[in-house]
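>>> Any chance you can model this:
(2 chains)
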Amino acid sequence: MLKTAGWLFNIELVLLWRRSQEWLYPLGFFVIVITLFPLAFTPDPAFLQRYVPGGVWIAALLASLLSVETIFYADLEDGNLEQLLLSPLPLPLVMLIKLGALWVATQLPLILLTPLIGLLFHFTPQTIITLCISLLLGTPMLTLIGSLCVALTLGLRQQGTLLGLLILPLVTPVLIFGVNMVQQSQAGFSIAGALSFLAGLTAFTITLLPFALAATLRISMDD
Amino acid sequence: MDLCCDREQQRLFAHLSFEITAGNLLLIEGPNGVGKSTLLQLLAGLITPSSGEIHWQNIAIQQQRESYAREIHYIGHTNGIKLGLTVLENLQLASHLALASIASERLSETLSRLQLENQRTKLAKQLSAGQKRRLALARLLLFRKPLWILDEPLTSLDAATQAMVMQLLEAHVNDGGICVMSSHQSIPFKEIEIKTLRLTAC
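Numbers count the residues shown, from 1 in each chain, chains lettered A, B, ... in the order given. The predicted model follows:
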């Protein structure tokens, strides 16, 4: 089973790699949204240092919305979703593999790019590290919660706007603790509180959400 | 069993009841939109009936989802192949999803029987409609399962492949397997007896 899981993870990555728009568009979107901040407010370095980390978080949130939207679309069209539902493999495991691959392909590049953006906006090294840790812990939740909402609206026309309305209120805790962690570190306080909250939320979501997702998919297919 | 199904507030069929035993082929006939595909999806356990139950070896399929999944091949009207993967990768995906380990000779043999060996490294999206269908049907050859649920298996296949698929079905049924399929064409099976279920609009 472990070998199968590893193989499925690899093949999901291959599929995502071949459809480059899946990971390139969110990445481009992320960079562009961040560059809008100094244009819309002020290019003053002190301001940027203080407020752009929050902007990075909002950009990551919106980019995750963009990347998660099409997660089940191809599988629904080509009938692969039916084969996944009929596989003797546990569906929550299959979903965890699929989302893991999606996270690696769409969210990890954003986190890897964050230090570069930090340098561009004169962040201190400490801020960059804290920001990266908060994104590393927070973005899996964005992918998981987002995909649950996609599964809920599966097969609806024009689900894009509805998805935004569903997902954004649900992920506000992630944003609050993520940004809070960076603010604490900038103010010279300990980040332990926000960090453990975020880590706890992530652990909770990764363990339980795949089960909810699997159940939702079965119900959505059985409309 | 007494099967009844409603879709989108519309009754498709009601009071349907049938039994099928090893070594049988059930052909589901009926005009477009009468619910042939829905019935097959019900049998595969993808959707649940509005009322009634489906039993496999005297146990309701909803109660034995995992073991039932090991017993069936379901090929819907969408092929269930990934267009972004090559022919070979698609077969490997199918065998991994079925938790079956397939020797590479078996893969090559299957591909040559379906005349896909020259396409093995081609992406599935570059194949023609008939070739995609053949790739979907390759699952039947890859590993043995007692119950086949096939939705229009012969569409977009050429005459030679149709004959081959029919041979495959006859061999499966003669071997004690069960097949439930829908088809528009009348199928001239020679060696086996078939049961026919005609769905009518209600």
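>>> The top helix by length along chain A vs chain B: in contact?
For chain A, the helix that runs over the most residues, judged by DSSP state H, is helix A:192-221. Yes. Against chain B, helix A:192-221 shows contacts by C-beta under 8 Å from any C-beta of the partner chain at residue A:221. C-betas here are computed from N, CA, C, even on glycine.
>>> What are the buried residues along that helix?
A:194-195, A:197-198, A:201-202, A:205, A:209-210, A:212-214, A:216-218, A:220-221 (16 or more other C-beta atoms under 10 Å in any protein chain shown).
>>> Tell me if I'm right that residue A:106 and residue A:69 touch.
No. In this structure, residue A:106 is not within contact of residue A:69 by C-beta atoms under 8 Å, at 10.9 Å.
>>> So which of those two has more stuff around it?
residue A:106 (26 against 20; other C-beta atoms under 10 Å in any protein chain shown).
>>> distance of residue A:108 from residue A:121?
From residue A:108 across to residue A:121, the span is 21 Å (C-beta to C-beta, to the nearest Å).
>>> And for residue A:47?
In terms of C-beta to C-beta, residue A:47 sits 10 Å off from residue A:121.
>>> neighbour count winner among those two?
residue A:121 (22 against 14).
>>> Just the closest residue of chain B to chain A, please.
Using C-beta to the nearest C-beta, residue B:78 is the residue of chain B that sits closest to chain A, at 3.0 Å.
>>> can you pull the pLDDT of the spatially closest residue to that residue that is not a sequence neighbour?
Nearest residue to residue B:78, sequence neighbours excluded (C-beta to C-beta, 6 or more residues apart in numbering or on different chains): residue A:79, at 3.0 Å. Here the pLDDT value assigned to residue A:79 is 86.
>>> burial of residue A:79, as a residue count?
20.
>>> isn't it right next to residue B:79, touching?
Yes. When contacts are counted by C-beta under 8 Å, residue A:79 is listed as touching residue B:79 (5.8 Å).
>>> ok, which stretches of chain A are helices?
Ranges of helices in chain A, per DSSP H, are A:2-18, A:21-40, A:45-68, A:73-77, A:80-85, A:91-106, A:108-120, A:125-152, A:159-170, A:172-186, A:192-221.
>>> List the residues that contact the nearest residue to residue A:87 once chain neighbours are set aside.
Distances taken as C-beta to C-beta, 6+ apart place residue B:97 nearest to residue A:87, at 4.2 Å, with adjacent residues excluded. Residue B:97 makes contacts with A:8, A:83-84, A:87, A:89, as judged by C-beta atoms under 8 Å, 6 or more residues apart in numbering or on different chains.
>>> what about burial for those residues, which qualify?
Buried, going by 16+ other C-beta under 10 Å: A:8, A:83-84, A:87, A:89, out of the contacts of residue B:97.
>>> Could you tell me how many residues sit around residue 163?
Just so you know, I chose chain A. 19.
>>> Chain B was what I was after
Neighbour tally, residue B:163, other C-beta under 10 Å: 13.
>>> tell me the SS of it?
helix (DSSP: H, G, I helix; E, B strand; the rest coil).
>>> looking at it, the residue of chain B closest to chain A is touching residue A:77, isn't it?
Yes. Judged on C-beta under 8 Å, residue B:78 makes contact with residue A:77 at a distance of 7.2 Å.
>>> how near is the spatially closest residue to residue A:111 that is not a sequence neighbour to chain B?
Nearest residue to residue A:111, sequence neighbours excluded (C-beta to C-beta, 6+ apart): residue A:135, at 4.9 Å. Residue A:135 sits at a distance of 28 Å from chain B (criterion: C-beta to the nearest C-beta, to the nearest Å).
>>> contacting residues around the most centrally placed residue in chain B?
The structure's chain B has its C-alpha centroid closest to residue B:150; by C-alpha atoms, centre = their mean the separation is 2.3 Å. Residues counted as contacts of residue B:150 (C-beta under 8 Å, 6+ apart) are B:40, B:73-75, B:179-182.
>>> switch the cut-off to 7 Å
Going by C-beta atoms under 7 Å, 6 or more residues apart in numbering or on different chains, residue B:150 touches B:75, B:179, B:181.
>>> next one: residue A:22
Per C-beta under 7 Å, 6+ apart, neighbours of residue A:22: A:16, A:67, A:105-106.
>>> could you redo the last one with a cut-off of 8 Å?
By C-beta under 8 Å, 6+ apart, the neighbours of residue A:22 are A:16, A:67, A:70, A:105-106.
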